[in-house]
Every structure is written in structure tokens, then in C-alpha cells.
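S.K.: next input, structure requested:
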Amino acid sequence: MLTWIVAHSDALCNFLTPLLLGFSPAQLRHALNCIEALLVCTSQHKTLSALTRLLRLPHADEFALADFFRTSPWENAPIQKALTLFLLRIVGQIQQKTGGRLLFLHLDDALCPKDVDTRSLEAVTFHFDHRQPRRQKGNFTNSSRYVTLGLQLGPVQFVLAWRLYLPRKLIRQLNRTRIAEAKLTFAKLPTLVEQMLDEIAPHLPTACRVYVLFDTWYDNQHLQKNIRAHGWHWICATRSNRNVSDRPLCHWWSHLNHQRITHVVVRSATRRHSYSTRHLVGRLRHYPTPVVAIISKRKPRDASPAYFLCSDTSLSVRTILKYYGYRWQAEVDNWFLKERLGLADYRVQSVEAILRWHTLVFAAYAFVQCQRVMPLLKNPTARLQPTGEVLRNHQREHVRQTVRCIADLVRQGHSDDELLDLLLPD
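M.R.: This is a model prediction of the structure:
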């Protein structure tokens, strides 16, 4: 269906304008143009030229939009912080309305793959890739890497914060050509996660019991102690060689032969699967309190079980695995960010420009997620639409605006050729 952007959405303007403090009118127009086009564009790749082709506004220009990312004097960090605080305020309001008591934070990192010959984009280098079909060179893919912190409170789902991860070797290489004030600093993935958790901790609803969910990449005692220091609990997947009570987890199944196997049924949107589990309460090395360790097998003779740890010893095995399953929302978020909103489609070179692109993409996704949960502020029992349907509703509004614009031009007496010149410029 023919869709152009002939005017900015009032809802998007009301959402975005308070977050872009210090922006000049020109910068604000460019930010609105980019986010509006990201939401409406259905092209496979969201390049600046593809986004600009949708804009039927007098101030839309592809090269000016490129300079907005490359040379315009604005910082992404204040926008990220303002967006995070805004989302947390909405979470607090909804929690008071609905009375939710369980809040989940899920951590995940993902790749933004590029062509194997891409060399000029500063944030792009070879990263380990656990997905076999995407590997370009051995076990590695030429890409950039980002880590996200998501939140779930009942039906409310937000991506609260994100960070771009740059390997130490890449930072050392980039700093050779940078002045002292512009040099980059290295931080490990768990350190980036700790920074995000520390940033949101004072603003989370105090009435909620918080669980932080993560996979084996973040299973380390420093992050786990940091989470417990905030008064939260954590649930994670772990490796088979993780020692619990001075014995590797891969040895514990046979040592628990006296224990009856617990069958846990996990349901998804399309199927259900039963897992055979055994568990123990033990201690981790250099960790002060007991944890629950779970060994889970798909089949009774499965030679490669999955292993899980939980800091809350009061939870049952079924509850722990149910809570850990909420991490699936991180995969949904990554799909929308990369496939639907073009997080990996940047063509700007510098790290700062790439961070700006990421900021606007995450802001676009935050707008969609906010529009989805707004009914809860009026009716705590409201049924929420899927994220994709909210996005389609925004696109339909622009279709209606396009039809109205064409109808107004016809009523003004423009000929067919004039209409084509106005709506389809060369």
C-alpha cells in the first residue's frame, strides 16, 4: 500500500520532543524525520536514502540527514538517560495501577552483521558468533555488538537501556588516531551490564520482587554479587563445568539418583515440551549464600543436559524454569530492532555516529512499546495489542494522511501531471 509521510504523528511528537532537550529546531526535525521513517519504512534495508524517499516534507534531505549523524553537535548519552527514566516512570505508574509484584529484568547481547569485506565502519570487527548459519570466518562474524537490558512487569515489556560493546583490540586501534579528549575506554560486557543495572536501580518500583535473567555469557560472581547487593535475585543458565558444592554440575545427575525426577512442562506459542529435571541446593565458590542448581534433560538419556542456577532457594524447579523462559522477550526485541527497525542498517563510519543511529532506533522501538501499554494507565485490566499490530496501526495512520493529502491536492484543482510532480519528484 502506498505510504508517505506528509506530516509528523502527533503521538510521536508528544513522546519525543520532551526527550530531545537542547536540540535546535533543525535537529529536532531531523530526529523526527528519521524515527517516523523508521516506523513506516517496510524496505528490507533502512538506508538513509530509503528513509528519505518516504518523506514528503519540505525540509527532508538525504545529505542533511547524513550530516545530522556525522557532524551535528549532539550527544546520544543524555537522550538514552532521558528515555530510560521516562520508561521507568511509566513502569511505576502502571505498577501502582495494576498492583504487579513480580518484575523481571532480562539481559542479552546480539550482533549487527555486516558484509565480510566491511572495513571502514569503526564499530565493526569480527565477533564470536554462536549461530552457525551466520558465521563468516571460522566461528566469527564481521559485525558490531550491543547489549540490552529489558524489563517485564506482567504484560508490560520495555527495552530500558543498551550499550555498544567494543573489544579491547578495536579500541586500541581506534585510539591511535584520536585526540586525547575523544579517546575511547574499554569495558567488558558484564561491566556494561552492571552500569545499566546501577543506573536503573534507584528508579524501580520498591513494591516489586525483582529477578534478573541472563544466559551463560554473564554467569560470573561479580555480576551476581552486584545483583544481590541491590536486593534482587538472579536466574541464569550455566555451563556443565560450574562447581556447585565442590563438584562440577555434569557429575551431579548420577549423584542424585536417589532423587525422584521432576517433569516440567514448558509451553510456547506453538508447542509444549516436557523436561526431566533434578536439582540440589548448594554453594558456589566465592559466593556467600546457597543457590539452587537444576539439571534438565530433554530425554531420559540426553547426553547434553541444560544447567541452571537461581539465587532464590524458596522457588520450586517449575517456577525457576518458568521465570527463566521470560528471557524469550529479549529475542523478540532483537528481531524488531534489527529486522523491522533497521538497527544493523547503519552506513555511518564513526563510533559516535553509530551510537546516534542506535539511539534513534531504540527511541523508535520505545515509542511503539509505550503506545502498546498506554491503555493500562486508563484501565488496569485492558487487553494489550501485539507489538506488530501497534506498529501497523501507526503505519495505517500515515496511509490515511497520504490519502487526505492527495484528496486535498485534487480539490485544489491540480492536474494529474502536477500531482505526479508534487508527490513523485525526480
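
S.K.: so for stretch 333-352, mean pLDDT?
M.R.: For stretch 333-352, the mean pLDDT works out to 94.

S.K.: how about stretch 8-28?
M.R.: For stretch 8-28, the mean confidence score works out to 91.

S.K.: name the residues that touch that stretch?
M.R.: 31-32, 35-36, 39, 59, 68, 72, 74, 78-79, 82-83, 86, 363, 367, 370-371, 394, 397-398 (Cβ atoms under 8 Å, 6 or more residues apart in numbering). Backbone N, C-alpha and C define where each C-beta goes, glycine included.

S.K.: so how far is it off the chain centroid?
M.R.: Centroid separation for stretch 8-28 versus its chain: 22 Å, with Cα atoms, centre = their mean, to the nearest Å.

S.K.: rewinding a little: return the subset of the contacts of stretch 8-28 lying in strands.
M.R.: Among the contacts of stretch 8-28, no member is found in strands (DSSP state E).

S.K.: which of these fall within helices?
M.R.: Judged by DSSP state H, helices contain the following of the contacts of stretch 8-28: 31-32, 35-36, 39, 68, 78-79, 82-83, 86, 363, 367, 370-371, 394, 397-398.

S.K.: all the helices of the stretch 201-350 of the chain, residue numbers only.
M.R.: For the stretch 201-350 of the chain, applying DSSP state H, counting those that start in this stretch gives helices covering 221-229, 252-255, 317-324, 328-335.

S.K.: Leu151 is nearest to which of those?
M.R.: Nearest to Leu151, of all those, is helix 328-335, at 9.3 Å by Cβ to Cβ.

S.K.: pull out the buried positions in the closest one.
M.R.: 329-330, 333-334 (16 or more other Cβ atoms under 10 Å).

S.K.: before we move on, the earlier item: need the helices of the stretch 201-350 of the chain in JSON lines (columns: distance to Thr125).
M.R.: Converted to JSON lines, the helices of the stretch 201-350 of the chain look like this (distance: least, Cβ to Cβ, whole Å):
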{"stretch": "helix 221-229", "distance to Thr125": "24"}
{"stretch": "helix 252-255", "distance to Thr125": "39"}
{"stretch": "helix 317-324", "distance to Thr125": "31"}
{"stretch": "helix 328-335", "distance to Thr125": "20"}
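
S.K.: of all the ones you listed, which one is nearest Cys208?
M.R.: helix 317-324 (13.5 Å).

S.K.: buried subset of the ones in helices among the contacts of stretch 8-28?
M.R.: Buried among those (16+ other Cβ under 10 Å): 31-32, 35-36, 39, 68, 79, 83, 363, 367, 370-371, 394, 398.

S.K.: can you map out the strands along the stretch 51-200 of the chain?
M.R.: Applying DSSP state E, counting those that start in this stretch to the stretch 51-200 of the chain gives strands spanning 102-113, 125-128, 140-153, 156-165.

S.K.: isn't Phe336 up against Tyr365?
M.R.: Yes. Between Phe336 and Tyr365 a contact is recorded at 6.0 Å, counting by Cβ atoms under 8 Å.

S.K.: give the rounded mean pLDDT of stretch 383-398.
M.R.: For stretch 383-398, the mean confidence score works out to 93.

S.K.: contacts for that stretch?
M.R.: Against stretch 383-398 from outside (Cβ under 8 Å, 6+ apart): 3-6, 9, 11, 39-40, 42, 155, 157, 332, 336, 340, 368-369, 371-373, 375-376.

S.K.: list the buried ones in it?
M.R.: Buried residues in stretch 383-398 (16+ other Cβ under 10 Å): 384, 387, 390-391, 394, 398.

S.K.: from the residues you listed, which single one is nearest Ala303?
M.R.: Distance to Ala303 across these (Cβ to Cβ) is lowest for Thr387, with 38.1 Å.

S.K.: measure the closest one to Leu103 for me?
M.R.: In this view, Thr387 and Leu103 are 19 Å apart by Cβ to Cβ, to the nearest Å.

S.K.: ok, Leu55 next?
M.R.: For Leu55, the distance to Leu103 equals 39 Å [Cβ to Cβ].

S.K.: just Ser24 next, same as before
M.R.: As for Ser24, its distance to Leu103 is 38 Å (criterion: Cβ to Cβ).

S.K.: and if you look at Thr262?
M.R.: With distances taken as Cβ to Cβ, Thr262 is found 26 Å from Leu103.

S.K.: okay, those two: which has more neighbours?
M.R.: Leu103 (21 against 16; other Cβ atoms under 10 Å).

S.K.: so who does that one touch?
M.R.: Residues in contact with Leu103 (Cβ under 8 Å, 6+ apart) are 95, 151-153, 204-205, 208-211.

S.K.: buried only: go through those residues for me.
M.R.: 95, 151-153, 204-205, 208, 210-211.

S.K.: identify, from these, the entry nearest to Pro305.
M.R.: Nearest to Pro305, judged by Cβ to Cβ, of the buried ones among the contacts of Leu103 is Tyr211 at 22.5 Å.

S.K.: circling back: save the buried ones among the contacts of Leu103 as TSV, and put in pLDDT too.
M.R.: Shown next, in TSV, are those (pLDDT from 0 to 100):
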residue	pLDDT
Gln95	95
Leu151	97
Gln152	96
Leu153	95
Leu204	95
Pro205	93
Cys208	94
Val210	97
Tyr211	98
